[in-house]
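1. prediction below, plus the sequence it came from.
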Amino acid sequence: MAVHVTWDVAHTACSSKLFADKLAAAGSYPSLEACIAAAQQIWWNEVDVQGWLEAFAAHPEIGDAAALKEKFAAQGQQQAFGQLSQGEQAAALASANPQVFEELAALNKAYKARHGFIFIICASGKSAPQMLEAIRSRINNSPYDELGAAAREQTKITQLRLEKLLAGSSSSSSSGSSSPAERAHVRTGQLVGHLMPGAAAAAAAAPPAGHGGPLRSPITTHVLDTALGMPAAGLPISLLRVMDGSAAVFDCLASGVTDADGRIGNLLPASAWVAPGTYRMRFDTGTYLRACRERHPDVFRAVPFYPEAAIDFSITPDMSSQHFHIPLLLNPYGYSTYRGS
């Protein structure tokens, strides 16, 4: 079912005038999914940095209850924006105490002074402690890195807002609509992309990942230290995916540290389906190799030759019900990978 996008709707979803102009220019889209795909393409390929900063500046600071009330009390489009912002920060506001508000305010001020714009995060479903953890983990990043991080968070916010604002304009049973599990991932900050047309049926009909066994993370990993002949325990790993609509903008979906067997089995929530796309498994080999040097100074360099190993892999729609095991065989001067089982 077609959806109609006005300029006010587009600007409420993302307060960049250039973004709103371009998204509203088409008027109607064949489906909500087509509209979201167009929004992602416009954001990454047609909106410039000034447009990004304009969108960031429209948001109230995380945890700023006074600013939220002010936007909520505004009229017209500003009121709609304020209502969405208040709803997105509801979990954080409900779980915060005066001390948390104070710390958030101080960190927001320090963040803006360092990076030149406010801290942006897709706040839906996140508690105040989660917000604090996020801003602490990002505040010392370079301004360049944070510009990209904020842009990634903004596109998540835009997508959720378009879904809310246009929900009544599109049939919920239309081809390609997101599954309940996928929407849950979005709301908890683990965005893995929209289901592509036909993928929902494929996921429902497919056996659980693991050929009939219990559900598990559809993407797993295992690291073996071939120099020591043992599992690589304590190696930090992150899983990223190219964001929809972009050519090479990766968003971090999950992270973890290998256990005593060199494995991480719970990178993603247990599922029989994984979103198609281009993924990157990033191995923090430098941290692991430096720790190994403390125990084996004759084998490992003081400065690791490979501070990081990044493995990119592509999952096509016809593979989305399969399991993907991405192992790494590592030594101080080399590494290799293959698709495991």
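-> Structure's in. What do you need?
2. tell me how far the closest residue in space to Ala134 that isn't next to it in sequence lies from Glu61.
-> Leaving aside its chain neighbours, Ala134 sits nearest to Ile121 (5.5 Å; criterion: C-beta to C-beta, 6 or more residues apart in numbering). Heads up, the C-betas are built off the backbone N, CA and C, glycines and all. Plainly put, Ile121 is 11 Å away from Glu61 if you go by C-beta to C-beta, to the nearest Å.
3. so where's the stretch 101-250 of the chain uncertain?
-> 168-213 (pLDDT under 70).
4. show me which of Ile121 and Glu61 is the more surrounded one.
-> Between Ile121 and Glu61, counted using other C-beta atoms under 10 Å, the more crowded position is Ile121 (24 against 19).
5. distance of the more buried one from Val9?
-> In terms of C-beta to C-beta, Ile121 sits 23 Å off from Val9.
6. cool, and Leu160?
-> 14 Å.
7. cool, and Ala134?
-> For Ala134, the distance to Val9 under the criterion C-beta to C-beta works out to 28 Å.
8. show me what the closest residue to Ala227 other than its chain neighbours is bridged to.
-> In this structure, Ala227 finds its nearest non-sequential neighbour in Asn331, 4.1 Å apart by C-beta to C-beta, 6+ apart. Beta-bridge partners for Asn331, by DSSP bridges, are Gly334.
9. for Asn331, give me its contacts.
-> Asp225, Thr226, Ala227 (C-beta atoms under 8 Å, 6 or more residues apart in numbering).
10. need those in TSV with distance to Leu235, secondary structure and neighbour count, can you?
-> What follows is the contacts of Asn331, written out as TSV (distance: C-beta to C-beta, whole Å; DSSP: H, G, I helix; E, B strand; the rest coil; neighbours: other C-beta atoms under 10 Å):
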residue	distance to Leu235	secondary structure	neighbour count
Asp225	9	strand	20
Thr226	14	coil	15
Ala227	13	coil	17
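11. once you drop chain neighbours, what's closest to Ala151?
-> Once flanking residues are discounted, Ala151 sits nearest to Trp52: 5.4 Å by C-beta to C-beta, 6+ apart.
12. ok, now which ones touch that neighbour?
-> Per C-beta under 8 Å, 6+ apart, neighbours of Trp52: Ser16, Leu147, Ala150, Ala151, Gln154.
13. can you tell me what sits against the strand or helix carrying the last one?
-> For Gln154, the host element (DSSP states H and E) is helix 143-165. With C-beta under 8 Å, 6+ apart as the contact definition, helix 143-165 has outside contacts at 9, 12-14, 19, 32, 35-36, 39-40, 43-44, 49, 52, 55-56, 80, 84, 88, 114-117, 119-122, 124, 138, 141, 186-187, 191, 243, 245, 249, 251.
14. list only buried entries from those.
-> Taking 16 or more other C-beta atoms under 10 Å as the criterion, what is buried in those is 9, 12-14, 19, 32, 35-36, 39-40, 43-44, 52, 55-56, 80, 84, 88, 115, 117, 119-122, 124, 138, 186, 191, 243, 245, 249, 251.
15. filter the residues you listed down to the ones in strands?
-> Judged by DSSP state E, those include Asp251 as members of strands.
16. among the buried ones among the contacts of helix 143-165, which are in helices?
-> 9, 12-13, 19, 32, 35-36, 39-40, 43-44, 52, 55-56, 80, 84, 88, 115, 138, 186 (DSSP state H).
17. quick check: domain ranges of this protein?
-> Listed by automatic domain parsing, the domain ranges of the chain are 3-174, 208-337.
18. show me the strands in the stretch 201-341 of the chain, by range?
-> Here the stretch 201-341 of the chain has its strands, by DSSP state E, counting those that start in this stretch, at 219-225, 230-231, 236-242, 250-257, 263-264, 277-283, 309-315, 324-331, 334-337.
19. which elements pack onto the second one?
-> By that I understand strand 230-231. Here strand 230-231 touches strand 219-225, going by 3 or more C-beta pairs under 8 Å, 6 or more residues apart in numbering; DSSP states H and E.
20. ok so, going back, output the strands of the stretch 201-341 of the chain as CSV; include the columns distance to Ser271.
-> Formatted as CSV, the strands of the stretch 201-341 of the chain follow (distance: least, C-beta to C-beta, whole Å):
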stretch, distance to Ser271
strand 219-225, 10
strand 230-231, 25
strand 236-242, 14
strand 250-257, 12
strand 263-264, 16
strand 277-283, 15
strand 309-315, 13
strand 324-331, 12
strand 334-337, 23
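21. what's the separation between the nearest residue to Pro231 once chain neighbours are set aside and Leu329?
-> Spatially, and ignoring its direct neighbours in sequence, Pro231 is nearest to Gly262 (2.9 Å; C-beta to C-beta, 6+ apart). Taking C-beta to C-beta as the measure, Gly262 falls 10 Å from Leu329.
22. just the buried residues of the contacts of Trp52.
-> Ser16, Leu147, Ala150, Ala151, Gln154.
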